[in-house]
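Engineer: Fold the following for me, if possible:
(chains A and B)
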Amino acid sequence: MTALKAKRSQQLILVGAAAIATVVVLLIWGDNLLAWAIGRRTVLIQALVTGLLLGGVYSLVSMGLTLIFGVLDILNFAHGALMALAMYSSYVLVSQAGFNPYLSLVISIPLLFLFGVVIQRFLLNKIMDEPHENQLLLTFGLALFIENLLLMFFSATPKSTNFPYSESGIPLGFTSIQGPLNIFGAVADLPRVLAFIGSLIIAGLLYFLLRRTRLGTAIRAVSEDPTGAALVGINVRRMHMVTFGLGTACVAAAGTLVLPFLTIQPTTGEQFNVIAFVVVVLGGLGNVVGALIGGILIGVVQKFGGAVFPGVNEMLFVFSLFVLTLLLRPQGLLGRKV
Amino acid sequence: MRTSLKALVVLVTLSLVAVACGGGGESGGGQAETITIGSLHPTSGPLAVDGERMAEAVEMAVEDINNDGGIESLDGAQLEVAASDTQGEAEVGSREAQRLIDDGAVAIVGPFQSAVAATVARTTERSQVPFVIDVAAAESILDQGYTFTFRIQPDSAGMGEFGARYLKSIAEASNTSVETFAYVHENSEYGTSVSEAFIEEAEKEGMQVTNNISYDALSVSDLTSEVTQAASSNPDVIVVTGYYGDSLLFAEAASNVQPDVKGIYGVANGAYSLEQFPEDAGDQGQNYFDSNYHFDATSDRANDLRSRFQERTGQGMRTPAVFSYQAVELIAEALEQSGSSDPTELRDAIADISLETELFPFDGPIEFNDKGQNTNAQPIVMQVQEGEIVQVYPEDFAQAQPIFPFVPWGE
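Structural biologist: Modelled structure (predicted):
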């Protein structure tokens, strides 16, 4: 009890000191800070908007990963490759069959869900109790396999699709929304806004699923205590398959939603892999809402940091936040205490 | 147990003998019937788009030379290709280079990436085998004092310098003043070395940089923030150096932000002089400039070569692949002149060579200085006009007049 109290008071002192320091800085340099900020208003607002939208994409990718990591305790290095797989499936539907990319969600999500179930059933089930390094190697191997399969079929030529509403705007019955949107002088282009909205919707759906349905309760039970869950009659293996499938379905949605504004190559998913892990840690393992908030926070920190300190690599801010989280609150923002 | 051990020993001994007999014949100079040229390119991984085409170009060049009678001064010796995949990795590249050399290659062509070129150059220098770089821009590769490495393309410093001079000339020719510019570039050695050379030369030409913004090409998915920062300093022109994906993102972001500039100018840009760019960018990339290496589209020989490549592989022959073809021709010509397939004598022939080329818009024949850099290499300026890439400057190679100033996003 004393140790816990000591740690708590340590944290309080740190927070208190930080608060006092901030107040002092503002009192002394507040004027200059304000003037500087107003002078660069457009740049800063743009950075905020871009960061928010980027954060939405990060959240999308991370929600699936946090589910898999949190429930199955598997380091899924194939996450980015699965996203690429979804991107290419949608690409094929859009370019060959003339689908609207947002409509292709209807196919890419169930398709990748099934694929995830199959991977879990036939590949990962066998190594559930193995040490983490084995799981890592297996998912890494899977990632290589998927990426090179895509390379074989599609070649590495960057491919892109057009955003279907760039000319006409998004139809809303009697009117249509024309892009790009103007937000206090900053621009937000429509496909990214749609991806952002998509991430909110998916977070909501996942939250609803996990908190308000029997399936969700079963998944959470397995995550907390697999033995106990088995004892009350939950088919743990089936829950594993469903969860991995859900995680893959989420990243499929991410892949399809970013297709209208990114050029894709077989390795495109990789760029989100590392950040997804950072977001998952930041938000708390297994916490979907944490992934949403964490993703948006990372996006904003990245872009805002890059705008305030031009010339500094943006990823510095992302990884500084990562290190700080690990030091001060390793369970993540919304995670349970470790 | 004992019997299988014996059998194993016998097998191992036999195979060692076989290898010793089979592997010994090739190396060393004199008259060989087949001369092997090593081809090192990233045929897997994210750069495979160009890597594969470059590998194909080497095969095609060797075939063409063989069909033409091979190397006359060596009694019609035929060339053959030993190709290997660098996977885009520096260690793999140098390992494969060593393997190709051990297997008898008298020269190496490659590798498309500067990082890989650096390690391969070390290997070839140690093994004393000439290394002809088809594509790799970093100046530092040739700053190591290597005598066996040669580069045909202009290096990154050349790209930057010429880029700045060309911008000044185009501005003067169209009576539009360019006094300030913002530079947006990717932050690895490629983007940084080109931008530094450009900015230095630009300042000599009286153009000031108002904002120098860099980003990480591997993790970027939105350049709106960077474009806004560039625009906020009110430059006359925004200069862009980046790979294909991020340069396309730049065009997209610029068409949303719509900065008030006289034009967008790519330097050694990975997108703006590719035929794929106007297709992908549509209305967002109109009239973009790119000062870059390029095959000479006004040359009949280059166009003929490219259409044969298209027929043979079903893919367009992009500039890197043309460089690979040229590298093989260079080596073949050096073999002719040296009359020997000994790597050191071949190296000497390459160092002294003066090879006219119709494939590239260079300022003279290919000739190497003592660092191994082709002194007559130069980039030229391309522009997107009506959805096509045309050469616009210098006038000797122009297919159309440069359009400047311009508004890239519709209207």
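Engineer: Give me the neighbour count for the closest residue to residue A:117 other than its chain neighbours.
Structural biologist: Leaving out its chain neighbours, the residue that sits closest to residue A:117 by CB to CB, 6 or more residues apart in numbering or on different chains is residue A:245, at 4.0 Å. In this view, the C-beta of every residue, glycine as well, is placed from N, C-alpha and C. By other CB atoms under 10 Å in any protein chain shown, the residues close to residue A:245 number 23.
Engineer: Around chain A, pick out the residues from chain B.
Structural biologist: B:44-49, B:52, B:187, B:211-216, B:218-219, B:221-222, B:224-225, B:228-229, B:232, B:244-245, B:248-249, B:252, B:256-257, B:276, B:280, B:282 (CB under 8 Å from any CB of the partner chain).
Engineer: Now, these that are in helices?
Structural biologist: Members of the residues of chain B next to chain A lying in helices (criterion: DSSP state H): B:48-49, B:52, B:224-225, B:228-229, B:232, B:244-245, B:248-249, B:252, B:256-257, B:276, B:280.
Engineer: out of those residues, which are buried?
Structural biologist: Neighbour counting over these (16 or more other CB atoms under 10 Å in any protein chain shown) leaves B:48-49, B:52, B:224-225, B:228-229, B:232, B:244-245, B:248-249, B:252, B:256-257, B:276, B:280 as the buried ones.
Engineer: Mind checking what secondary structure residue B:364 has?
Structural biologist: coil (DSSP: H, G, I helix; E, B strand; the rest coil).
Engineer: Quick check: phi and psi at it.
Structural biologist: phi 140, psi -180 (degrees, to the nearest 10).
Engineer: how many other residues sit next to the closest residue to it other than its chain neighbours?
Structural biologist: Nearest residue to residue B:364, sequence neighbours excluded (CB to CB, 6+ apart): residue B:376, at 3.7 Å. Residue B:376 has 17 neighbours, counted by other CB under 10 Å.
Engineer: which helices and strands does the helix or strand harbouring residue A:30 pack with?
Structural biologist: In this assignment (DSSP states H and E), residue A:30 forms part of helix A:2-39. Contact here means 3 or more CB pairs under 8 Å, 6 or more residues apart in numbering or on different chains; DSSP states H and E; on that basis helix A:2-39 packs against no helix or strand.
Engineer: make it 10 Å
Structural biologist: helix A:41-67, helix A:315-328 (3 or more CB pairs under 10 Å, 6 or more residues apart in numbering or on different chains; DSSP states H and E).
Engineer: mind checking which of these is nearest chain B?
Structural biologist: Closest approach to chain B among those (CB to the nearest CB): helix A:41-67, 4.1 Å.
Engineer: quick check: angle from the closest one to helix A:315-328?
Structural biologist: Angle, helix A:41-67 to helix A:315-328, by axes from the mean of the first three to the mean of the last three CA atoms, to 10 degrees: 50 degrees.
Engineer: Show me what counts as buried in helix A:41-67.
Structural biologist: A:42-67.
Engineer: near chain B, from these?
Structural biologist: A:42-51, A:53-54, A:57-58 (CB under 10 Å from any CB of the partner chain).
Engineer: which of these sit farthest apart?
Structural biologist: A:42 and A:58 (23.9 Å; CB to CB).
Engineer: Okay, now the unreliable bits of the chain?
Structural biologist: Because you didn't say which chain, this covers chain A. Regions of chain A meeting the criterion pLDDT under 70 cover residues A:1, A:173, A:336-338.
Engineer: Sorry, I should have been clearer: chain B.
Structural biologist: In chain B (pLDDT under 70), the answer is B:1-3, B:7, B:9-32, B:410-411.
Engineer: right, and the secondary structure at the spatially most central residue of it would be what?
Structural biologist: By CA atoms, centre = their mean, chain B has its centre lying nearest to residue B:135, at 2.5 Å. Assigned with three-state DSSP, residue B:135 falls in the coil class.
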